[in-house]
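Quick one: sequence and predicted model below, then my questions.
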Amino acid sequence: MSHASTPLPATASKSEALSGQVRVPGDKSISHRSFMFGGLASGETRITGLLEGEDVMRTGDAMKAMGAQIAKSGDEWIIQGAGNGALLEPQGPLDFGNAGTGARLTMGLVGTYDMTTTFVGDASLSKRPMGRVLDPLREMGVQVVEAASGDRMPLTLRGPKRAAPISYRVPMASAQVKSAVLLAGLNTPGITTVIEPVMTRDHTEKMLKGFGANIEVETDGDGVRHIRIEGEGKLTGQTIAVPGDPSSAAFPLVAALIVPGSDVTIRNVLMNPTRTGLITTLLEMGASIELLNERKAGGEDVADLRVRGSELRGVVVPPERAPSMIDEYPVLAVAASFAEGETLMEGLDELRVKESDRLAAVARGLEANGVDCSEGEASLSVRGRPGGKGLGGGTVATHLDHRIAMSFLVMGLASEKPVTVDDRAMIATSFPEFMDLMTGLGARISV
């Protein structure tokens, strides 16, 4: 599937109560890192529950291009890693398609190698800023030999003979920047330190420790995290069971809340505290969400979620919650469209540099479907209509953004009139099963 191909629209219409039990695909963040760390480690890594979306597969292809052996056997992915410090120079450009996580983390991983690596992506990824990752890499001795204007793709990195460890204070709340610097530190002599004033998703730290990296995390009296990693150590292959992606679970979850009478259970969802901002917010709005069978899996908190149709009310979402739900704001805005009163979301500047300008895309999509909303520089205010009266009837421009497409298809399930998205093709990047899973619960989505 190419993002340059003919758009594939889809329309969602008012649905009867949704019901059933589902499992969402494996967590995208953990899936990317499983391929990367497995490909880098010595020995064999086995992965179950991997998200087999396009983005993650691009990361797997990149690791293969640098010497890792990756193959699927039944439900399991088996990796023979190259060994830390032993990646090979790829023969051609690494094509990351739409995968921002894969691209930025791999830049960190390979940047400190004494080799030349070229990164390319699709039209959407080529617009996204890479300077936030390249700046700390430059401090470590990495040369950006070529780049499109504004440090964008396509770009070529040339690693130093020997990289220099740095202490780097992350200027924005970004797990990708933090992770890129830590991964660069793996092939750098000495101690590389990342200082993180606002905690972001911590899968990189947890998984690196699991693979045997010498990494320690300290939180000072002001709540600032200091993450230190010792370079040139050995990573050893692991067995990984990837839990369900909370960002994917968000779509059936919100659908069940806004379609009256629904009763849906979503199994095996990752409940890492750095990823549960949406659930916290929806509970404040009056959502009926029960956490069942809470447990640990692969060092992560996991639970089943039982979700029932609910009458929601507007809330103020504090800006400090943004890092724990940055990908969920589009679908939260949809939930807010059906809530009593106003929902104010603040601290949304990161949404401007996602797959699209996600904040603008959400606001235009809401307006096209009769929702009263106000877009600020880093905020969104939504004034809801309980029952969805008068909502819908519009076509949403998705801007090649999978989360915009899925969010507005969810909206159409509870609005008075149908909602159409101009393209569903890119949903495959993160949630290839979305259509089948939703229609299996009773959602009316036509293509």
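Now that the structure is in, tell me what you want to look at.

so how far is residue 432 from the closest residue to residue 433 other than its chain neighbours?
In space, and not counting its chain neighbours, residue 433 is closest to residue 25: 6.2 Å by Cβ to Cβ, 6 or more residues apart in numbering. From N, CA and C alone the C-beta is placed, and that goes for glycine too. Residue 25 is 7 Å from residue 432, where distance means Cβ to Cβ, to the nearest Å.

Need the overlap of contacts for the two.
52-53 (Cβ atoms under 8 Å, 6 or more residues apart in numbering).

Neighbour count for these two, which is higher?
residue 25 (23 against 16; other Cβ atoms under 10 Å).

Please tell me I have it right and residue 200 contacts residue 323.
Yes - Residue 200 lies in contact with residue 323 (Cβ atoms under 8 Å); the separation is 4.7 Å.

Mind listing the shared neighbours of the two?
Common contacts of residue 200 and residue 323 (Cβ under 8 Å, 6+ apart): 173, 175, 274.

farthest residue from the center of this structure?
No residue in the chain sits farther from the centre than residue 161, which is 33.1 Å out by Cα atoms, centre = their mean.

For that one, which non-adjacent residue is spatially closest?
Looking at residue 161 with Cβ to Cβ, 6+ apart, the closest residue is residue 114, at 5.5 Å.

For that neighbour, the count of nearby residues, please.
Residue 114 has 12 neighbouring residues, counting by other Cβ under 10 Å.

and it, helix, strand or coil?
Three-state call for residue 114 (DSSP: H, G, I helix; E, B strand; the rest coil): coil.

May I have the residues that are in contact with it?
Contacts were defined as Cβ under 8 Å, 6+ apart; by that measure residue 114 touches 159-162.

List buried residues within those residues.
Buried by 16 or more other Cβ atoms under 10 Å: 159-160, out of those.

closest to residue 388 among the contacts of residue 114?
residue 159 (53.9 Å; Cβ to Cβ).

I'd like the distance between the closest one and residue 377.
In this structure, residue 159 lies at 37 Å from residue 377, with Cβ to Cβ as the measure.

Contact partners for residue 136?
Contact analysis of residue 136 by Cβ under 8 Å, 6+ apart lists 166, 168, 177, 180-181, 184.

What pLDDT does the model give it?
If you check residue 136, the pLDDT there is 98.

next one: residue 299
At residue 299, pLDDT is 74.

How about it: what's its closest non-neighbour residue?
residue 206 (5.6 Å).

What is the three-state secondary structure of the one you found?
Assignment for residue 206 (three-state DSSP): helix.

now the helices for this structure?
28-40, 54-65, 100-111, 131-139, 175-186, 203-210, 246-258, 277-284, 329-336, 358-368, 402-412, 434-440 (DSSP state H).

And the ones you listed: which comes nearest residue 119?
For the helices of the chain, proximity to residue 119 was assessed by Cβ to Cβ; helix 100-111 is nearest, at 5.8 Å.

Tell me the helices and strands packed up against that closest one.
Judged by 3 or more Cβ pairs under 8 Å, 6 or more residues apart in numbering; DSSP states H and E, helix 100-111 is in contact with helix 28-40, helix 54-65, strand 116-120, helix 131-139, strand 152-158, helix 175-186.

follow-up on the earlier one: would you mind listing which of the shared contacts of residue 200 and residue 323 are buried?
Judged by 16+ other Cβ under 10 Å, buried ones among the shared contacts of residue 200 and residue 323: 173, 175.

would you list the shared contacts of residue 200 and residue 323 in CSV and tack on pLDDT and distance to residue 101?
Formatted as CSV, the shared contacts of residue 200 and residue 323 follow (pLDDT from 0 to 100; distance: Cβ to Cβ, whole Å):
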residue, pLDDT, distance to residue 101
173, 87, 15
175, 92, 9
274, 89, 15
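
mind giving me CSV with the helices of the chain and columns for distance to residue 314?
Output for the helices of the chain, formatted as CSV (distance: least, Cβ to Cβ, whole Å):
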stretch, distance to residue 314
helix 28-40, 29
helix 54-65, 33
helix 100-111, 31
helix 131-139, 33
helix 175-186, 29
helix 203-210, 32
helix 246-258, 14
helix 277-284, 10
helix 329-336, 6
helix 358-368, 14
helix 402-412, 16
helix 434-440, 26
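
which one of those helices lies closest to residue 291?
With Cβ to Cβ as the criterion, residue 291 lies closest to helix 277-284 of the helices of the chain, at 8.4 Å.

thinking again about what came up before, next one: the residue nearest to residue 299 from residue 406, what distance?
Taking Cβ to Cβ, one finds residue 206 at 27 Å from residue 406.

so how many other residues sit close to the nearest residue to residue 49 once chain neighbours are set aside?
Using Cβ to Cβ, 6+ apart and skipping residues adjacent in sequence, the residue nearest residue 49 is residue 242, 3.8 Å away. Using other Cβ under 10 Å, residue 242 has 26 other residues around it.

picking that back up, ok, so of the contacts of residue 136, who is nearest residue 280?
Distances from residue 280 to the contacts of residue 136, taken by Cβ to Cβ, are shortest for residue 177, at 24.3 Å.

Appreciated, that's everything.
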